[in-house]
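In: Predicted coordinates and the sequence they were generated for:
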Amino acid sequence: MAYLLRALLSFMLVSIIITVMAAKHIYVLPFGHIQLAIPTFIFVIFIQAFIMFYFIGISRLVNNVYAILHGQGSMDELFDKAPEDLTPYLKKVDRYVFDSTLCKRQTIPWTMLMLVLGTIGFLLGGAHDTGMVSKVVHAGVIYGFLAAVLIGFVRQWIYLGKSHRLLREMKALFGIADAQM
C-alpha cells in the first residue's frame, strides 16, 4: 500500500508542477491552468485523504494489538497458542505504538495544511477569475500551498516508508500473512 501511495503522491506533485508551469506560461498547453487546476486539486484531495486514512489505520491497528497484549482483548486474535512470557512482544509493540503515532503526527498536520491552503487558493482563483480578488492574493495563497506541498511531500514520503517497515515487522512478529491487513 505504501508503494501505491508513494506513486500517487509523486503523480500529485507532477500534476501540481505542471499546473503551476501552465499558470506561469512556462509550459504551454492547448488549455489553461484553470482546466488543469480543477482535476489536479480533486486528485490532491483524494490522495491526501487516502494518505491520512492510511496513517490513522496503521496507528489504530497498532493500538489494537497493544490493547490485546495488555489484556483488553482475546490473545487468540494474535496467537494460535499464546506464549507464557509476553515481555518481548510488549517491548516491540510499545515501540510500534510510538512509531505509528510519530508517523501520524508528522504527516497529518501537513496534509491538513495542504487541504486548507489548496481549498482557499482554489476558491480565490475563482474569485480572481471573476474580478473579486487581485492576482497577488490568489498567487500568495498558492505559493503557501506549494510550500506546504513540498514539505508535506517529503514528510509523507519518509513516513510512508517508516510505517511500511513497521507494518512488515509487526506482521512478521505475529506471523500474519502478507495478504492480511
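Out: Yes, it's here.
In: what residue is smack in the middle of the chain?
Out: By CA atoms, centre = their mean, the chain has its centre lying nearest to Ile51, at 2.8 Å.
In: next SSE after the helix or strand containing Gly118?
Out: Element membership for Gly118, per DSSP states H and E: helix 87-129. As assigned by DSSP H and E, the chain's next helix or strand after helix 87-129 is helix 135-174.
In: Just the buried positions in that following helix, please.
Out: Neighbour-count burial for helix 135-174, counted by 16 or more other CB atoms under 10 Å, picks out 138-139, 141-142, 144-146, 148-149, 152-153, 155-157, 159-160, 163-164, 166-167, 170. Placement of C-beta: from N, CA and C, glycine included.
In: What of stretch 83-97?
Out: Buried residues in stretch 83-97 (16+ other CB under 10 Å): Leu86, Tyr89, Lys92, Val93, Tyr96, Val97.
In: so the residue sitting furthest away from the middle of the chain, which of the three states?
Out: Most distant from the centre of the chain: Glu84, at 38.2 Å, with distances by CA atoms, centre = their mean. Under DSSP: H, G, I helix; E, B strand; the rest coil, Glu84 falls in the coil class.
In: What angle do helix 135-174 and the helix or strand containing the residue nearest to the centre of the chain make with each other?
Out: In the assignment (DSSP H and E), Ile51 maps to helix 33-67. For helix 33-67 against helix 135-174, the angle by axes from the mean of the first three to the mean of the last three CA atoms, to 10 degrees is 30 degrees.
In: What mean pLDDT does helix 33-67 get?
Out: Throughout helix 33-67, pLDDT has a mean value of 91.
In: which other helices and strands contact that helix?
Out: Judged by 3 or more CB pairs under 8 Å, 6 or more residues apart in numbering; DSSP states H and E, helix 33-67 is in contact with helix 2-23, helix 87-129, helix 135-174.
In: In it, which residues are buried?
Out: Quick answer for helix 33-67 (16+ other CB under 10 Å): 33, 36-37, 40-41, 44, 47-48, 51-52, 54-55, 57-59, 61-62, 65-66.
In: hang on, the earlier thing: now distance to Gln72 and mean pLDDT too, for the helices and strands packed on helix 33-67, in TSV please.
Out: Below are these laid out as TSV (distance: least, CB to CB, whole Å; pLDDT from 0 to 100):
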stretch	distance to Gln72	mean pLDDT
helix 2-23	28	93
helix 87-129	13	91
helix 135-174	16	93
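In: Please convert those to CSV, extending it with distance to Glu77.
Out: Below are those laid out as CSV (distance: least, CB to CB, whole Å):
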stretch, distance to Glu77
helix 2-23, 24
helix 87-129, 13
helix 135-174, 9
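In: Great, nothing more from me.
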